[in-house]
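Engineer: here's a sequence, model it:
(2 chains)
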There are 2 protein chains.
Amino acid sequence: MIKAQTKYLTRHMAIAFGISVVAMNLAYADEQKAATKAPIKNAAKPSMQDVLKASKASDWRPLDPQNTLYLEMDKGRVVIELVPEFAPKNIENIKKLVREGYFDGLAMIRSQDNYVAQWGDADEKREFKTAAKTVDGEFTVKYSAKSAFTRLPDHDGYAPQVGHAKGFAAGRDPKSRTTWLAHCYGAIGVARGNETNSGNGSSLYAVTGHAPRNLDRNITVVGKVMQGMELLSTLPRGTGALGFYEKAEERTPIKSVRIAADVPEAERSKLEVFRTDTASFQALVEAQRNRGGEWYKFAANHIELCNVPVPVRTVK
Amino acid sequence: MIKAQTKYLTRHMAIAFGISVVAMNLAYADEQKAATKAPIKNAAKPSMQDVLKASKASDWRPLDPQNTLYLEMDKGRVVIELVPEFAPKNIENIKKLVREGYFDGLAMIRSQDNYVAQWGDADEKREFKTAAKTVDGEFTVKYSAKSAFTRLPDHDGYAPQVGHAKGFAAGRDPKSRTTWLAHCYGAIGVARGNETNSGNGSSLYAVTGHAPRNLDRNITVVGKVMQGMELLSTLPRGTGALGFYEKAEERTPIKSVRIAADVPEAERSKLEVFRTDTASFQALVEAQRNRGGEWYKFAANHIELCNVPVPVRTVK
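Structural biologist: Now for the predicted structure:
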């Protein structure tokens, strides 16, 4: 069955994409109407697994070692990729903190169910050596005509346009020509106080629940967890306000945070991420928007930004 | 500060609601335009906490003991409320299974990161005594003109209409006059195979990640976790396909599942849920749609169905 579908996918890929682009535009204009259609039987069509199976080496990209963090805990490593195009100043400061050893020996300080896990210095006493104490918030950045953006045709309530840039879920506002990383599951943000420049990267959080998109454009998002998300999402929830841990012994220690480029190559996590600027990615999105196979009885004809998977694989 | 805002809320509640209804309708018609507005300073306006603080006893409802399940594990109790209006046959069968003691001594069989935790009989050998083996899927149910529905004005990509019915997040299709419970965080569904009647309630799942709304209208949703969600969301992730546990010892045991009405009153969890058919609920939704306070710099002017909180409180 899967084999047959893969064959179908390979043979009809160009045609299938042609159809899906038309179908998606129709869906965009007439989504409400489409959503009221009677349940339909899904035809045999490629699943996400079929798309991944048929993918070529060029559909994948390696992580950038200069912008990849390894957060090491007793139970394992969390791999985070940073996206300097979206938050250059904050990411520069985070990298300074990492290279200072700022995070080594600190801990998870907060885990709020269906929201975020956050780490840093619970006592806020550790000194900064080279890093800045205040960094301007980079809640949105300007984009230019040549900025690549794989736009989703699907309506989004939180942004005029949504899609993927540099491989990450993002929003765009064509009027102000600004763009920002979206608070999807696994997104990494820079905790801050009321002042927009009060974040400096010394306390970071990962989204561990349903996307709090209300945070978009209100805080600096710097990247996303690429592996080891379960180490953050299964942390015991804190019992204090906002999920902060009330006692020091409840905090899961951080052994170290390192930049991948600073780690010997043999110790690096060998990961590849599915590119978001390819025809294969379009096929993957369509496979998730209207799922094939025998199980699905009703086609959603829609996909929400944070429901779009961007697969990661381990390579040798 | 909070006190002042609470006073404001109480004095201006009627006016504030009048404004919010107009504002919400405008937002619905002209959402894209609104979303491109420059960041705005939020005026001092009531927060969700203010709304809850100002709430009256009549803004809350008790759980229905006849339709509340206690799932007991070593670490504590998960409280689930069932909604018979949305899945009468499946809920009847689940209650039969519970009263047979079907779940007692079974276990969590699956935990997939950012998706679901599922429980039941890993070996599928346990006998049914009074419960049916197959139950028709109740993926949607008909609604009538008198069915109460607190509609959200916000656009939704997965359903023609969304809002709350009987206190639960739901979708509606006015064309077919059908309604269904939405797969928001904490939603409880009836696992099934490819056949629509292959679910019977002996294996249930809770949504533990970003809402998989693509499941809506494809599977029977019976209710929602009202307390103890962290006991499910922090379960170790299974390493098998789809997050199934590969070894028996990885499965967290279920001590028992009971219907609250069958449990002595002194042992019941005394909970109340915020009603969704009140003016106070409208105020809460608006407080979350456009958040007040000093922290928020950009008003979303939108709230997605699964981002609407339905608060639960413990009472004496």
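Engineer: for A:Ala191, see how far away the closest residue to A:Thr196 other than its chain neighbours is.
Structural biologist: Nearest residue to A:Thr196, sequence neighbours excluded (C-beta to C-beta, 6 or more residues apart in numbering or on different chains): A:Gly137, at 4.0 Å. Every C-beta, even on glycine, is put in place using the N, C-alpha and C of the backbone. When distance is defined by C-beta to C-beta, to the nearest Å, A:Gly137 is 11 Å away from A:Ala191.
Engineer: what do the two both touch?
Structural biologist: Common contact partners of A:Gly137 and A:Ala191 (C-beta atoms under 8 Å, 6 or more residues apart in numbering or on different chains): A:199, A:219.
Engineer: low pLDDT regions in chain A?
Structural biologist: Low-confidence segments of chain A, defined by pLDDT under 70: A:1-43.
Engineer: show me where it has its helices.
Structural biologist: Taking DSSP state H as the criterion, chain A carries its helices at A:2-29, A:31-35, A:48-53, A:88-100, A:229-233, A:279-289.
Engineer: residues from the stretch 51-200 of chain A in reach of chain B?
Structural biologist: A:113-114, A:139, A:154-160, A:173-176, A:184-186, A:193-194, A:196 (C-beta under 8 Å from any C-beta of the partner chain).
Engineer: of the residues you listed, which belong to strands?
Structural biologist: Using DSSP state E, the members of those that fall within strands are A:Asp173.
Engineer: any of the residues of the stretch 51-200 of chain A next to chain B buried? List them.
Structural biologist: A:113-114, A:139, A:154-160, A:173, A:184-186, A:196 (16 or more other C-beta atoms under 10 Å in any protein chain shown).
Engineer: and the gap between A:Leu181 and A:Phe298?
Structural biologist: If you measure A:Leu181 against A:Phe298 using C-beta to C-beta, the figure is 31 Å.
Engineer: no no, A:Val51
Structural biologist: Taken as C-beta to C-beta, the span from A:Val51 to A:Phe298 is 21 Å.
Engineer: these two: who's more crowded?
Structural biologist: A:Val51 (25 against 22; other C-beta atoms under 10 Å in any protein chain shown).
Engineer: that one contacts A:Val285, correct?
Structural biologist: No - judged on C-beta atoms under 8 Å, A:Val51 makes no contact with A:Val285 at a distance of 9.3 Å.
Engineer: quick check: residues of the stretch 201-316 of chain A near chain B?
Structural biologist: A:209-214, A:216-218, A:229-230, A:233-237, A:288, A:291, A:294-298, A:300, A:302-304, A:306-307.
Engineer: give me the buried entries from those.
Structural biologist: Of these, these count as buried by 16+ other C-beta under 10 Å: A:209-214, A:216-218, A:229-230, A:233-235, A:237, A:288, A:291, A:296-298, A:300, A:302-304, A:306-307.
Engineer: wait, A:Ser47 sits on A:Gly292?
Structural biologist: Yes - A:Ser47 lies in contact with A:Gly292 (C-beta under 8 Å); the separation is 5.3 Å.
Engineer: quick one, which of those two is more surrounded?
Structural biologist: Neighbours were counted for A:Ser47 and for A:Gly292 using other C-beta under 10 Å; A:Ser47 has more, 22 against 18.
Engineer: from what I see, A:Lys255 and A:Lys75 are in contact.
Structural biologist: No - the pair A:Lys255 / A:Lys75 is not scored as a contact, 10.3 Å apart, by C-beta under 8 Å.
Engineer: what are the ranges of the strands in the stretch 101-250 of chain A?
Structural biologist: For the stretch 101-250 of chain A, the strands defined by DSSP state E, counting those that start in this stretch occupy A:107-111, A:116-120, A:141-142, A:150-151, A:161-165, A:168-173, A:178-181, A:187-190, A:204-207, A:221-227.
Engineer: which stretch among those comes nearest A:Leu71?
Structural biologist: Using C-beta to C-beta as the measure, strand A:116-120 is the one of the strands of the stretch 101-250 of chain A that comes nearest A:Leu71, at 7.6 Å.
Engineer: the closest one pairs with which strands?
Structural biologist: strand A:107-111 (antiparallel), strand A:204-207 (antiparallel) (DSSP bridges).
Engineer: show me how far the first one is from its chain's centre.
Structural biologist: Same thing as strand A:107-111. 20 Å (C-alpha atoms, centre = their mean, to the nearest Å).
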